[in-house]
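Novice: I'd like to go over a predicted model; first the sequence, then the structure.
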Amino acid sequence: LAAAALTFARLLFYPTLLYTLARERLPLRRRPGFHRIDRSVLLGALPLRARSPRVRQLVQEENVRAVLTLNEDYETRFLCCSAREWEAMGVEQLRLSTVDLTGVPTLENLQKGVEFVLKHRECGNSVYVHCKAGRSRSATMVAAYLIQVRTCLYQKGRIFVRSSGQVKGTFII
């Protein structure tokens, strides 16, 4: 079954990539290639090659110093910046290969990805998280990051409120 899913994803890669690129260019449905989620994370589609205006915008205007790639190698080999090209622009890349269309990142990869984002967040950098279209694999990773960050903020707030001495009796948040 896993081999069939992998074959299915590979067969549909270019048709679905063309669909994604066409959707970005439709006048009535013009969508940006990425969205800023918070001060540290941008979620988006494949950043096509270094000479692309989008890649320059990410690095120069959005302070992207790290890229979290959830594509398999064959999806980016000819279309996107290599790890060496990213490095030449001062950007660290982490690839956590995930099968398209049927796959989601493993729990281990979700943990690695969130740690990678948090490491760059502490440095004040932005991280571009992407898959092919920016709607499934990468969105799952960003959701895991947000759960981690929001849970930490929630826990800190809860501890602060409890320690303030202002709350009497049963306190449930």
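Specialist: Nice, I can see it.
Novice: helices and strands of this structure: which one has the lowest mean pLDDT?
Specialist: For the chain, scoring each helix and strand by mean pLDDT, DSSP states H and E identifies helix 2-25 as the least confident one, at a mean of 64.
Novice: ok, then the element right after that one?
Specialist: Moving toward the C-terminus from helix 2-25, the first helix or strand encountered (DSSP states H and E) is strand 34-36.
Novice: what packs against that following strand?
Specialist: Based on contacts counted as 3 or more CB pairs under 8 Å, 6 or more residues apart in numbering; DSSP states H and E, the elements that strand 34-36 packs against are strand 41-44. Yep, even glycine has a C-beta here, placed from its N, CA and C like the rest.
Novice: what does the strand it packs on contact?
Specialist: Residues external to strand 41-44 that are found in contact with it (CB atoms under 8 Å, 6 or more residues apart in numbering): 32-37, 58, 62, 64, 117, 121, 126-130, 134, 138-139, 142, 145.
Novice: next one: residue 148 from residue 41, what distance?
Specialist: Per CB to CB, to the nearest Å, residue 148 is found 11 Å from residue 41.
Novice: so for those two, which sits in the more crowded spot?
Specialist: residue 41 (22 against 16; other CB atoms under 10 Å).
Novice: tell me the bridge partners for that one.
Specialist: Each beta-bridge partner of residue 41 is listed here, defined by DSSP bridges: residue 127.
Novice: tell me where this structure has strands.
Specialist: For the chain, strands defined by DSSP state E occupy the ranges 34-36, 41-44, 64-69, 92-95, 126-130.
Novice: now residue 124: closest residue in space that isn't a chain neighbour?
Specialist: With CB to CB, 6 or more residues apart in numbering as the measure, residue 63 is the residue that lies nearest to residue 124, at 7.8 Å, once sequence neighbours are left out.
Novice: sorry, wrong one. I was asking about residue 123.
Specialist: Closest residue to residue 123 apart from its sequence neighbours, by CB to CB, 6+ apart: residue 65 at 7.4 Å.
Novice: tally up the residues packed near that neighbour, please.
Specialist: Counted with other CB under 10 Å, residues neighbouring residue 65 total 19.
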